[in-house]
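[1] below: sequence and its predicted model.
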Amino acid sequence: NAGVTQTPKFQVLKTGQSMTLQCAQDMNHEYMSWYRQDPGMGLRLIHYSVGAGITDQGEVPNGYNVSRSTTEDFPLRLLSAAPSQTSVYFCASKIGGANPNEQFFGPGTRLTVL
Amino acid sequence: AQRVTQPEKLLSVFKGAPVELKCNYSYSGSPELFWYVQYSRQRLQLLLRHISRESIKGFTADLNKGETSFHLKKPFAQEEDSAMYYCAPGTAGGGNKLTFGTGTQLKVEL
């Protein structure tokens, strides 16, 4: 199993550009989520999904869109990049169910917005 | 509101010294607590969870409901323990989201 994969590893954007960060998992996990990691702020939840066709907002959703058309994929879209979105982005997945089980993380995407 | 506090941004200890990474939480209900670790240039990974009551890489963490704390401890620090540590409480239901603390960077010096 590849686990959770993310592409690209690095990206530089200009303000106003759009792009999609890709995330895929091959563990048949129902739950997937996106976090951003900023110095001194830990990991903050952007969006999450409890299954295909279902998404919901996390703590910091503004400026980001997600969709979940398949169990495997959970792309994160930046509609109009801003310097405040410079961050490291992590995708994570876990099995579904009522309990907060272990999350498996991808390697991260380091995004710089100029 | 659900909140988790890791008061130390950086903790520097000498090799062989005891380590305690502090975590306090403010949660409604009965949260399940995790410690995640991120070694340099690696992805985040689960270190331990309180429900398992296990010791991983010499680390233990006891849930103290009275003090609402879940401090991570190790009696003798090793150089390879240098990493970023995140405390993460989660609750059942509601998408069972995790809330991560701001993290503590542990540096073990020789």
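    It's in. Numbering: from 1, shown residues only, chains lettered A, B, ... in the order given.

[2] name the nearest residue to whichever residue of chain A sits closest to chain B, sequence neighbours excluded.
    Nearest residue of chain A to chain B (CB to the nearest CB) works out as residue A:100 at 2.9 Å. Just so you know, the C-beta spots here come from the backbone N, C-alpha and C atoms, and that holds for glycine as well. With CB to CB, 6 or more residues apart in numbering or on different chains as the measure, residue B:90 is the residue that lies nearest to residue A:100, at 2.9 Å, once sequence neighbours are left out.

[3] what about that neighbour, distance to residue A:72?
    23 Å (CB to CB, to the nearest Å).

[4] same deal with residue B:84?
    Relative to residue A:72, residue B:84 is positioned 28 Å away (criterion: CB to CB).

[5] which residues does the top strand by length along chain A contact?
    Secondary structure of chain A per DSSP state E: the longest strand is strand A:42-51. Here strand A:42-51 makes contact (CB atoms under 8 Å, 6 or more residues apart in numbering or on different chains) with A:30-38, A:55-61, A:64-66, A:68, A:71, A:74, A:76, A:89-90, A:96, B:6, B:44, B:86, B:95, B:97-103.

[6] relative to the helix or strand following it, what are the paired strands and their orientations?
    Sequence order places strand A:54-57 as the next helix or strand after strand A:42-51, per DSSP states H and E. In the sheet, strand A:54-57 lines up against strand A:42-51 (antiparallel) (DSSP bridges).

[7] what residues sit buried inside the partner strand?
    A:42-50 (16 or more other CB atoms under 10 Å in any protein chain shown).

[8] contact partners for the residue positioned nearest the centre of chain A?
    Closest residue to the average C-alpha location of chain A: residue A:34 at 2.8 Å, with CA atoms, centre = their mean. Residue A:34 sits next to A:21, A:23, A:45-48, A:58, A:64, A:66, A:74, A:76, A:89-92 when contact means CB under 8 Å, 6+ apart.
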